[in-house]
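Trainee: Sequence and predicted model, in that order:
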Amino acid sequence: MDWIDLIVIPVIKGIILLLLLLTSTAYLTYGERKLVARFQVRLGPNRAGKFGILQPLADVVKLMFKEEVVPGHVDKFVYLLAPILAVVPAFAIFAVVPIGPDFHLFGRTISLHMADINVGLLYVLSIASVSTYGVMLAGWSSNNNYSLLGALRTSAQMISYELPMGVFLVSLLLISGSLSLVEIMSAPRPLWAWIWLWIAFPFYFICMLAETNRSPFDLPETENELVAGYQTEYGGIKFGLFYLSEYLHMITTSAVMATLFFGGWRGPFVDQFPILSIVYLSIKILALLFLFIWVRASIPRVRYDQLMKFGWKYLLPIALIYLAITAVLVLALG
Amino acid sequence: MAIKELVEGTREIAKAMGVTLKHLAMPPVTVESPDQPIMVYPRFRGRHYLRRYENGLERCIGCQLCEAACPTGAIYVEAAENTDEERRSPGDRYARVYEINLLRCVFCGDCEEACPVEAIVLGHEYTLANYDRRDFILTKEELLEPPSPNVIIRPEE
């Protein structure tokens, strides 16, 4: 372990990951607009460049060059802090997601994940909770009824849905016996464990929809009752950061789900050709992102009481029953 | 009760997602407007134009009936006598000035109805945006040379 291993390689990996994530987020917005358009039998953006491929670039440039307005009635420090707090955790979660197997370059072993911490799962949970603060503080500091209501809803929603999500993760923990994402992914799983985990996947996915504030659980920003919720007072690139964090969250949660439920970067022939690992992971992430967008195009937004009722009266009991059965299964079969 | 609701809900969501997936496979219905022609009905009432006879003479005889019929006063006609040296229309008189203010026009088609010689007609052109308010007043020259609109006429059932 010399300084190259400690500093240079992580910095290079981090920069590459950041750039990769930023670009893919930009193109996720394009992909979503295009896909939702096709779901609605429309064409979607197609004016900027061929097939509108430059649309995200145009969007970003537009947001960047907008006038920076800070309304007079806001709590300025918190107001400016909130978008940063929303974006940073979304990036940070990706640090524990394994992207591929270790490979050797110039006599060094380089692992394709930023960090393999032994409490990776807890890290994911806690960092995901931090992003709630971004939304909360945005709503609070905006000093605006709609923003505050939106933020209140978000916090209630995120807390309600983090609970079943945590319980499902505990079940996963029982099966894999480790908190490290790398180990969860690479540990061999018997067939019954795979099938049993996939039964939990739809419920976990619903939790993730609520966690990322995606339709049909995008209550914090219900346009028809809350103007735009916590984003109302934000403009320009500050709004852009919230937007970025939402889509980044989609990508990171998809990556985490792919790692936990679908074996991450593993796939056929990946041992012979390590480069395939990135392809497999990308395919899995893209499939999950498609699911996110598909759900958005299909299901209308739920009412606030329905959201709470579903979280507490259905999801949580299901998660607890699932946990109990998992424990029995692990004891009997594992 | 709760289980029944859950099963029911799952079925409905699956149904909804099936519907959207079916629509994903359909070709888009969007008409890319300036590039692709728009479907209009044959009797669509767009920008006006003044017709001529086959021999090149103007149909308009400057009778000003359209000006009288116009409910918004968008039409202004000034007639002049035809002479043997300079003959514009078959009748005694012709329209020396014929102006239509598109900002006032409501495209009701009453001018068409009023015209005894079928000179003024509403065409299919509908892209009437302009940068200058002055350009919304169509002069006689503009009315005599109508632009060919980028439309396809919908067959009448």
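Mentor: That came in fine, so what should we check first?

Trainee: Quick one: name the residues of chain B near chain A.
Mentor: Neighbours of chain A within chain B, by C-beta under 8 Å from any C-beta of the partner chain: B:2, B:6, B:13, B:16-17, B:19-21, B:23-24, B:26-30, B:32. Using the backbone N, CA and C atoms, a C-beta is placed for each residue, glycine as well.

Trainee: ok, of the residues you listed, which come out buried?
Mentor: B:13, B:17, B:20 (16 or more other C-beta atoms under 10 Å in any protein chain shown).

Trainee: which SS class is the closest residue to residue B:44 other than its chain neighbours?
Mentor: Leaving out its chain neighbours, the residue that sits closest to residue B:44 by C-beta to C-beta, 6 or more residues apart in numbering or on different chains is residue B:124, at 5.5 Å. Following DSSP: H, G, I helix; E, B strand; the rest coil, the label given to residue B:124 is coil.

Trainee: Ok, residue A:104 next?
Mentor: strand.

Trainee: Helix or strand for residue 56, just tell me which one.
Mentor: Unless you meant another one, I'm taking chain A. If you go by DSSP states H and E, residue A:56 is part of helix A:55-64.

Trainee: my question was about chain B
Mentor: Residue-wise, residue B:56 maps onto no helix or strand under DSSP H and E.

Trainee: Now do the same contact list for it.
Mentor: Not one residue lies near residue B:56 by C-beta atoms under 8 Å, 6 or more residues apart in numbering or on different chains.

Trainee: Torsion angles phi and psi at it?
Mentor: phi 100, psi -10 (degrees, to the nearest 10).

Trainee: cool, and residue B:129?
Mentor: Torsion angles at residue B:129 (phi, psi; degrees, to the nearest 10) stand at phi -70, psi 150.

Trainee: who's in contact with the residue nearest the centre of chain B?
Mentor: Centroid check for chain B by C-alpha atoms, centre = their mean gives residue B:46 as the closest residue, at 0.9 Å. By C-beta under 8 Å, 6+ apart, residue B:46 lies in contact with B:40, B:107, B:122-126, B:128, B:149.

Trainee: cutoff 6 Å now
Mentor: Applying C-beta atoms under 6 Å, 6 or more residues apart in numbering or on different chains to residue B:46 gives the contacts B:123-126.

Trainee: Could you single out the nearest of those to chain A?
Mentor: The nearest member of the contacts of residue B:46 to chain A, counting by C-beta to the nearest C-beta, is residue B:126 at 21.1 Å.

Trainee: The residue lying closest to that closest one once chain neighbours are set aside and chain A, how far apart?
Mentor: Residue nearest to residue B:126 in three dimensions, not counting chain neighbours: residue B:46, with 4.5 Å by C-beta to C-beta, 6+ apart. Distance, residue B:46 to chain A, by C-beta to the nearest C-beta, to the nearest Å: 25 Å.

Trainee: my read is residue B:121 is in a helix, agree?
Mentor: No - Residue B:121: not assigned to a helix; according to three-state DSSP it is strand.

Trainee: what separates it from residue B:128, distance-wise?
Mentor: Relative to residue B:128, residue B:121 is positioned 16 Å away (C-beta to C-beta, to the nearest Å).

Trainee: quick one, which of these two is more surrounded?
Mentor: Neighbour count, other C-beta atoms under 10 Å in any protein chain shown: between residue B:121 and residue B:128, residue B:121 has more, with 17 against 14.

Trainee: What about the residue of the stretch 1-150 of chain A at minimum distance from chain B, how many residues nearby?
Mentor: The nearest approach of the stretch 1-150 of chain A to chain B comes at residue A:43, 4.3 Å away (C-beta to the nearest C-beta). Residue A:43: 18 surrounding residues under other C-beta under 10 Å.

Trainee: Can you show me the helices along the stretch 1-150 of chain A?
Mentor: For the stretch 1-150 of chain A, applying DSSP state H, counting those that start in this stretch gives helices covering A:3, A:9-39, A:55-64, A:76-93, A:120-141, A:145-176.

Trainee: Could you dump those into JSON lines and include mean pLDDT and mean neighbour count?
Mentor: Rendered in JSON lines, the data for these read as follows (pLDDT from 0 to 100; neighbours: other C-beta atoms under 10 Å in any protein chain shown):
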{"stretch": "helix A:3", "mean pLDDT": "75", "mean neighbour count": "8"}
{"stretch": "helix A:9-39", "mean pLDDT": "87", "mean neighbour count": "16"}
{"stretch": "helix A:55-64", "mean pLDDT": "87", "mean neighbour count": "15"}
{"stretch": "helix A:76-93", "mean pLDDT": "86", "mean neighbour count": "19"}
{"stretch": "helix A:120-141", "mean pLDDT": "83", "mean neighbour count": "22"}
{"stretch": "helix A:145-176", "mean pLDDT": "84", "mean neighbour count": "20"}
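
Trainee: Lowest-scoring secondary structure element of chain B by mean pLDDT?
Mentor: strand B:151-153 (a mean of 80; mean pLDDT, DSSP states H and E).

Trainee: quick one: the residue nearest to residue B:126 is in a helix?
Mentor: No - using three-state DSSP, the assignment for residue B:46 is coil, not a helix.

Trainee: residues contacting residue B:41?
Mentor: Contacts of residue B:41 (C-beta under 6 Å, 6+ apart): residue B:154.

Trainee: For it, give its distance to residue B:68.
Mentor: According to C-beta to C-beta, residue B:41 and residue B:68 sit 28 Å apart.

Trainee: where are the low-confidence patches of chain B?
Mentor: B:1, B:156-157 (pLDDT under 70).

Trainee: Could you tell me which strand of it is the longest one?
Mentor: Ranked by residue count under DSSP state E, the longest strand found in chain B is strand B:93-101.

Trainee: Neighbouring strands - and their directions - for it?
Mentor: The pairing partners recorded for strand B:93-101 under DSSP bridges are strand B:75-81 (antiparallel), strand B:137-138 (antiparallel).

Trainee: Please convert these to TSV, extending it with mean neighbour count.
Mentor: What follows is the strands paired with strand B:93-101, written out as TSV (neighbours: other C-beta atoms under 10 Å in any protein chain shown):
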stretch	mean neighbour count
strand B:75-81	16
strand B:137-138	18
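
Trainee: and residue A:280, backbone torsions?
Mentor: phi -60, psi -50.

Trainee: Please export the C-alpha coordinates of stretch A:96-113 as CSV.
Mentor: Provided in CSV are the C-alpha atoms of stretch A:96-113 (Å, rounded to 0.1, in the frame of the first residue of the first chain):
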residue,chain,number,x,y,z
VAL,A,96,-20.0,0.9,-2.7
VAL,A,97,-21.5,-0.5,-5.9
PRO,A,98,-19.1,-3.1,-7.5
ILE,A,99,-18.8,-2.5,-11.2
GLY,A,100,-16.5,-5.4,-12.1
PRO,A,101,-14.0,-7.9,-11.0
ASP,A,102,-10.4,-6.8,-10.0
PHE,A,103,-8.0,-6.4,-12.9
HIS,A,104,-4.3,-5.9,-13.2
LEU,A,105,-2.8,-2.9,-14.8
PHE,A,106,1.0,-1.9,-14.7
GLY,A,107,1.6,-4.6,-12.0
ARG,A,108,-1.1,-3.2,-9.7
THR,A,109,-4.5,-4.8,-8.8
ILE,A,110,-7.3,-2.4,-9.4
SER,A,111,-10.7,-3.1,-8.0
LEU,A,112,-13.7,-1.8,-9.9
HIS,A,113,-15.5,-0.2,-7.0
